[in-house]
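Visitor: fold the following.
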Amino acid sequence: MKKVITLLWLAALPLLTIAQTKTFKWGDELCEYASTYNSAKYTEQQLRNTFELMRSSGGVGLSTSDVAFRLDAIQKLNTDSLEKEYKAVKKHLTALDIVPVPYWETLRQRKLKQIEEEYALKKVNIQAYKDPKILKTYTAAPECVTRYADALIAGDDKLVAVWRAQVEEQCKNNGSPKRLRQEFDTYYNSPQRMAYARMEVLTFGWSNCANAHISYVGSGDESLEIDKQFRKLFIKTKTVGCDEP
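Guide: Down below sits the predicted model:
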(Lines give C-alpha, C1' and ligand atoms only; values in the text may rest on other atoms or scores of the structure.)
Protein backbone atom coordinates (compact mmCIF):
# COMPACT_ATOMS: atom_id res chain seq x y z
CA MET A 1 0.00 0.00 0.00
CA LYS A 2 2.85 2.35 0.90
CA LYS A 3 4.50 1.62 -2.44
CA VAL A 4 1.28 2.48 -4.29
CA ILE A 5 0.97 5.84 -2.48
CA THR A 6 4.57 6.66 -3.31
CA LEU A 7 4.03 5.87 -6.97
CA LEU A 8 0.88 8.02 -7.04
CA TRP A 9 2.81 10.91 -5.45
CA LEU A 10 5.61 10.63 -7.99
CA ALA A 11 3.07 10.55 -10.81
CA ALA A 12 1.46 13.72 -9.46
CA LEU A 13 4.73 15.72 -9.37
CA PRO A 14 4.60 16.79 -13.03
CA LEU A 15 1.05 18.07 -12.49
CA LEU A 16 2.14 20.05 -9.43
CA THR A 17 5.04 21.51 -11.37
CA ILE A 18 2.74 22.56 -14.19
CA ALA A 19 0.32 24.12 -11.73
CA GLN A 20 3.12 26.20 -10.20
CA THR A 21 4.57 27.35 -13.51
CA LYS A 22 3.31 30.53 -15.17
CA THR A 23 4.48 32.90 -17.88
CA PHE A 24 5.51 36.51 -17.38
CA LYS A 25 5.81 38.78 -20.41
CA TRP A 26 8.18 41.74 -20.35
CA GLY A 27 10.54 43.66 -22.57
CA ASP A 28 13.48 46.02 -22.81
CA GLU A 29 14.44 48.69 -25.35
CA LEU A 30 15.03 46.11 -28.08
CA CYS A 31 13.19 42.84 -27.41
CA GLU A 32 10.08 41.26 -25.94
CA TYR A 33 10.38 38.20 -23.71
CA ALA A 34 8.22 35.44 -22.28
CA SER A 35 9.65 34.05 -19.05
CA THR A 36 8.54 30.99 -17.11
CA TYR A 37 8.47 31.32 -13.34
CA ASN A 38 7.45 29.35 -10.25
CA SER A 39 4.21 30.93 -9.03
CA ALA A 40 4.74 29.36 -5.61
CA LYS A 41 7.73 31.71 -5.18
CA TYR A 42 6.43 34.97 -6.66
CA THR A 43 3.16 36.48 -7.78
CA GLU A 44 2.76 38.13 -11.15
CA GLN A 45 2.25 41.47 -9.41
CA GLN A 46 5.48 41.08 -7.47
CA LEU A 47 7.30 40.46 -10.75
CA ARG A 48 5.66 43.48 -12.36
CA ASN A 49 6.63 45.64 -9.40
CA THR A 50 10.18 44.32 -9.46
CA PHE A 51 10.33 45.00 -13.20
CA GLU A 52 9.19 48.56 -12.47
CA LEU A 53 11.96 48.90 -9.89
CA MET A 54 14.46 47.59 -12.41
CA ARG A 55 13.33 50.05 -15.09
CA SER A 56 13.47 52.96 -12.66
CA SER A 57 17.15 52.27 -12.07
CA GLY A 58 19.77 53.86 -14.27
CA GLY A 59 18.00 57.21 -14.48
CA VAL A 60 16.77 60.24 -12.61
CA GLY A 61 14.07 59.47 -10.08
CA LEU A 62 12.55 62.96 -9.77
CA SER A 63 11.42 64.83 -12.88
CA THR A 64 10.61 68.24 -11.37
CA SER A 65 12.73 70.87 -13.11
CA ASP A 66 15.39 72.46 -10.89
CA VAL A 67 17.50 74.34 -13.45
CA ALA A 68 16.76 77.22 -15.81
CA PHE A 69 18.07 77.78 -19.33
CA ARG A 70 16.31 81.13 -19.78
CA LEU A 71 15.88 83.99 -17.34
CA ASP A 72 12.09 83.88 -17.63
CA ALA A 73 12.13 80.19 -16.64
CA ILE A 74 13.57 80.90 -13.19
CA GLN A 75 10.24 82.07 -11.79
CA LYS A 76 8.64 78.79 -12.87
CA LEU A 77 10.94 76.70 -10.65
CA ASN A 78 8.85 75.57 -7.71
CA THR A 79 9.86 73.81 -4.50
CA ASP A 80 6.20 72.98 -3.75
CA SER A 81 6.00 70.90 -6.94
CA LEU A 82 9.27 69.22 -6.02
CA GLU A 83 8.03 68.43 -2.52
CA LYS A 84 4.81 66.94 -3.85
CA GLU A 85 6.62 64.72 -6.37
CA TYR A 86 9.24 63.65 -3.85
CA LYS A 87 6.65 62.48 -1.32
CA ALA A 88 4.60 60.65 -3.97
CA VAL A 89 7.60 58.85 -5.47
CA LYS A 90 8.98 57.89 -2.08
CA LYS A 91 5.60 56.58 -0.89
CA HIS A 92 5.08 54.56 -4.07
CA LEU A 93 8.56 53.06 -4.05
CA THR A 94 8.35 52.16 -0.36
CA ALA A 95 4.99 50.43 -0.79
CA LEU A 96 5.95 48.35 -3.86
CA ASP A 97 5.37 44.65 -3.21
CA ILE A 98 8.46 43.23 -4.88
CA VAL A 99 9.81 39.68 -5.01
CA PRO A 100 11.10 38.57 -1.57
CA VAL A 101 14.75 38.40 -2.64
CA PRO A 102 17.45 40.31 -0.70
CA TYR A 103 19.08 41.70 -3.85
CA TRP A 104 15.92 43.54 -4.85
CA GLU A 105 15.22 44.90 -1.39
CA THR A 106 18.76 46.27 -1.31
CA LEU A 107 18.19 47.86 -4.71
CA ARG A 108 14.97 49.45 -3.43
CA GLN A 109 16.79 50.95 -0.44
CA ARG A 110 19.53 52.31 -2.70
CA LYS A 111 16.90 53.84 -4.98
CA LEU A 112 15.24 55.48 -1.99
CA LYS A 113 18.61 56.92 -0.99
CA GLN A 114 19.04 58.28 -4.50
CA ILE A 115 15.62 59.93 -4.30
CA GLU A 116 16.58 61.57 -1.00
CA GLU A 117 19.81 62.90 -2.49
CA GLU A 118 18.07 64.17 -5.63
CA TYR A 119 15.44 65.93 -3.56
CA ALA A 120 18.01 67.67 -1.35
CA LEU A 121 20.02 68.91 -4.34
CA LYS A 122 17.04 69.95 -6.44
CA LYS A 123 15.59 71.94 -3.54
CA VAL A 124 18.88 73.80 -3.06
CA ASN A 125 19.19 74.39 -6.80
CA ILE A 126 15.73 75.97 -7.04
CA GLN A 127 16.31 78.20 -4.03
CA ALA A 128 19.80 79.24 -5.16
CA TYR A 129 18.52 81.09 -8.24
CA LYS A 130 16.94 83.61 -5.86
CA ASP A 131 19.30 83.28 -2.92
CA PRO A 132 22.69 81.67 -3.66
CA LYS A 133 23.61 81.80 0.04
CA ILE A 134 21.62 78.57 0.38
CA LEU A 135 24.51 76.76 -1.32
CA LYS A 136 26.53 77.13 1.87
CA THR A 137 24.09 74.76 3.61
CA TYR A 138 24.66 71.94 1.11
CA THR A 139 27.13 69.44 2.55
CA ALA A 140 27.09 66.60 0.01
CA ALA A 141 29.53 68.24 -2.44
CA PRO A 142 31.98 70.44 -0.48
CA GLU A 143 34.36 70.99 -3.38
CA CYS A 144 31.49 72.30 -5.50
CA VAL A 145 30.54 74.72 -2.74
CA THR A 146 34.14 75.90 -2.56
CA ARG A 147 34.33 76.31 -6.31
CA TYR A 148 31.05 78.14 -6.92
CA ALA A 149 29.27 79.42 -3.80
CA ASP A 150 31.35 82.50 -2.95
CA ALA A 151 31.36 83.73 -6.55
CA LEU A 152 27.60 83.25 -6.88
CA ILE A 153 26.96 85.01 -3.60
CA ALA A 154 29.26 87.91 -4.46
CA GLY A 155 27.76 88.37 -7.92
CA ASP A 156 30.56 90.68 -9.08
CA ASP A 157 33.68 90.34 -11.24
CA LYS A 158 34.47 87.15 -9.33
CA LEU A 159 31.31 85.55 -10.71
CA VAL A 160 32.04 86.77 -14.21
CA ALA A 161 35.52 85.25 -14.01
CA VAL A 162 34.06 81.86 -13.00
CA TRP A 163 31.50 82.16 -15.77
CA ARG A 164 34.15 82.97 -18.38
CA ALA A 165 36.36 80.07 -17.25
CA GLN A 166 33.35 77.77 -17.36
CA VAL A 167 32.58 78.71 -20.98
CA GLU A 168 36.18 78.09 -22.02
CA GLU A 169 36.05 74.66 -20.39
CA GLN A 170 32.77 73.87 -22.15
CA CYS A 171 34.27 74.89 -25.50
CA LYS A 172 36.90 72.15 -25.18
CA ASN A 173 34.22 69.42 -25.29
CA ASN A 174 31.61 71.05 -27.49
CA GLY A 175 31.12 70.58 -31.22
CA SER A 176 30.26 74.27 -31.66
CA PRO A 177 32.67 76.28 -29.48
CA LYS A 178 32.13 79.36 -31.68
CA ARG A 179 28.42 79.33 -30.83
CA LEU A 180 29.17 79.09 -27.10
CA ARG A 181 31.53 82.07 -27.24
CA GLN A 182 29.01 84.11 -29.26
CA GLU A 183 26.32 83.30 -26.70
CA PHE A 184 28.66 84.36 -23.89
CA ASP A 185 29.40 87.64 -25.65
CA THR A 186 25.68 88.32 -26.14
CA TYR A 187 24.91 87.67 -22.48
CA TYR A 188 27.99 89.54 -21.28
CA ASN A 189 27.01 92.68 -23.21
CA SER A 190 23.42 92.53 -22.01
CA PRO A 191 22.07 94.95 -19.36
CA GLN A 192 21.19 91.77 -17.45
CA ARG A 193 24.78 90.53 -17.47
CA MET A 194 24.89 89.49 -13.82
CA ALA A 195 21.54 87.71 -14.02
CA TYR A 196 22.85 85.73 -16.98
CA ALA A 197 26.11 85.04 -15.16
CA ARG A 198 24.27 83.62 -12.15
CA MET A 199 21.95 81.51 -14.30
CA GLU A 200 24.77 80.08 -16.43
CA VAL A 201 27.01 79.24 -13.48
CA LEU A 202 24.20 77.71 -11.46
CA THR A 203 22.83 75.69 -14.38
CA PHE A 204 26.00 74.47 -16.06
CA GLY A 205 28.62 74.85 -13.34
CA TRP A 206 27.25 74.27 -9.88
CA SER A 207 24.42 71.88 -10.80
CA ASN A 208 26.58 69.61 -12.94
CA CYS A 209 29.30 69.54 -10.31
CA ALA A 210 26.95 68.70 -7.44
CA ASN A 211 24.90 66.24 -9.50
CA ALA A 212 28.02 64.13 -10.02
CA HIS A 213 27.87 63.31 -6.29
CA ILE A 214 24.40 61.74 -6.46
CA SER A 215 24.47 57.96 -5.92
CA TYR A 216 22.53 57.03 -9.05
CA VAL A 217 21.42 53.40 -9.09
CA GLY A 218 22.06 51.33 -12.19
CA SER A 219 24.44 53.69 -13.89
CA GLY A 220 27.11 52.36 -16.24
CA ASP A 221 27.77 48.62 -16.25
CA GLU A 222 25.57 48.02 -13.20
CA SER A 223 22.53 48.00 -15.49
CA LEU A 224 23.81 44.73 -16.95
CA GLU A 225 23.99 43.17 -13.48
CA ILE A 226 20.47 44.31 -12.65
CA ASP A 227 19.17 42.73 -15.85
CA LYS A 228 21.08 39.53 -15.00
CA GLN A 229 19.54 39.39 -11.53
CA PHE A 230 16.05 39.90 -12.96
CA ARG A 231 16.50 36.99 -15.35
CA LYS A 232 17.56 34.80 -12.42
CA LEU A 233 13.99 35.02 -11.12
CA PHE A 234 12.81 32.82 -13.99
CA ILE A 235 13.15 29.15 -14.85
CA LYS A 236 13.72 30.06 -18.49
CA THR A 237 13.28 33.07 -20.77
CA LYS A 238 12.32 33.00 -24.43
CA THR A 239 12.81 35.92 -26.80
CA VAL A 240 9.50 36.63 -28.51
CA GLY A 241 10.70 39.27 -30.93
CA CYS A 242 13.14 42.15 -31.38
CA ASP A 243 13.10 45.46 -33.23
CA GLU A 244 15.52 45.88 -36.08
CA PRO A 245 18.67 47.72 -34.92
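
Visitor: can you list contacts of stretch 223-233?
Guide: 28, 35, 37, 42, 47, 50-51, 54, 57-58, 99, 101, 103-104, 107, 218, 237 (C-beta atoms under 8 Å, 6 or more residues apart in numbering). Every C-beta, even on glycine, is put in place using the N, C-alpha and C of the backbone.

Visitor: tell me which residues of it come out buried.
Guide: For stretch 223-233, the neighbour count (16 or more other C-beta atoms under 10 Å) marks 226, 230, 233 as buried.

Visitor: so for the residue nearest to Y86 when sequence neighbours are not counted, what's the pLDDT?
Guide: In this structure, Y86 finds its nearest non-sequential neighbour in Y119, 4.4 Å apart by C-beta to C-beta, 6 or more residues apart in numbering. Looking at Y119, its pLDDT reads 98.

Visitor: what's the following helix or strand after the helix or strand where L121 lies?
Guide: According to DSSP states H and E, L121 maps onto helix 102-128. Next helix or strand after helix 102-128 toward the C-terminus (DSSP H and E): helix 142-154.

Visitor: sorry, back to before: may I see the PyMOL selection of the buried members of the contacts of stretch 223-233?
Guide: Remark: buried members of the contacts of stretch 223-233, expressed as a PyMOL selection using 16+ other C-beta under 10 Å:
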select buried, resi 35+37+42+47+50+51+54+57+99+101+104+107+218+237
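
Visitor: if we can go back for a sec, closest one of the buried residues of stretch 223-233 to K91?
Guide: Using C-beta to C-beta, I226 comes nearest to K91 of these, at 22.8 Å.

Visitor: what about that closest one, distance to T203?
Guide: Going from I226 to T203 by C-beta to C-beta, to the nearest Å gives 31 Å.

Visitor: state the pLDDT value of the nearest residue to V160 once chain neighbours are set aside.
Guide: Spatial nearest neighbour of V160, chain neighbours left out: A197 (5.6 Å); criterion: C-beta to C-beta, 6+ apart. Looking at A197, its pLDDT reads 97.

Visitor: which ones are touching A197?
Guide: Here A197 is in contact with 155, 159-160, 163, 187 (criterion: C-beta under 8 Å, 6+ apart).

Visitor: can you say which of these are buried?
Guide: 159-160, 163, 187.

Visitor: okay, now Y216: neighbour count?
Guide: By other C-beta atoms under 10 Å, 19 other residues sit near Y216.

Visitor: am I right that it is in contact with K113?
Guide: No. In this structure, Y216 is not within contact of K113 by C-beta atoms under 8 Å, at 10.3 Å.

Visitor: check the gap between A120 and T146 for me.
Guide: Applying C-beta to C-beta to A120 and T146 gives a distance of 18 Å.

Visitor: do S223 as well
Guide: Note on S223: its distance to T146, by C-beta to C-beta, is 33 Å.

Visitor: got it, and Y119?
Guide: Distance of Y119 to T146, given as C-beta to C-beta: 23 Å.

Visitor: T23 in helix, strand or coil?
Guide: strand (DSSP: H, G, I helix; E, B strand; the rest coil).
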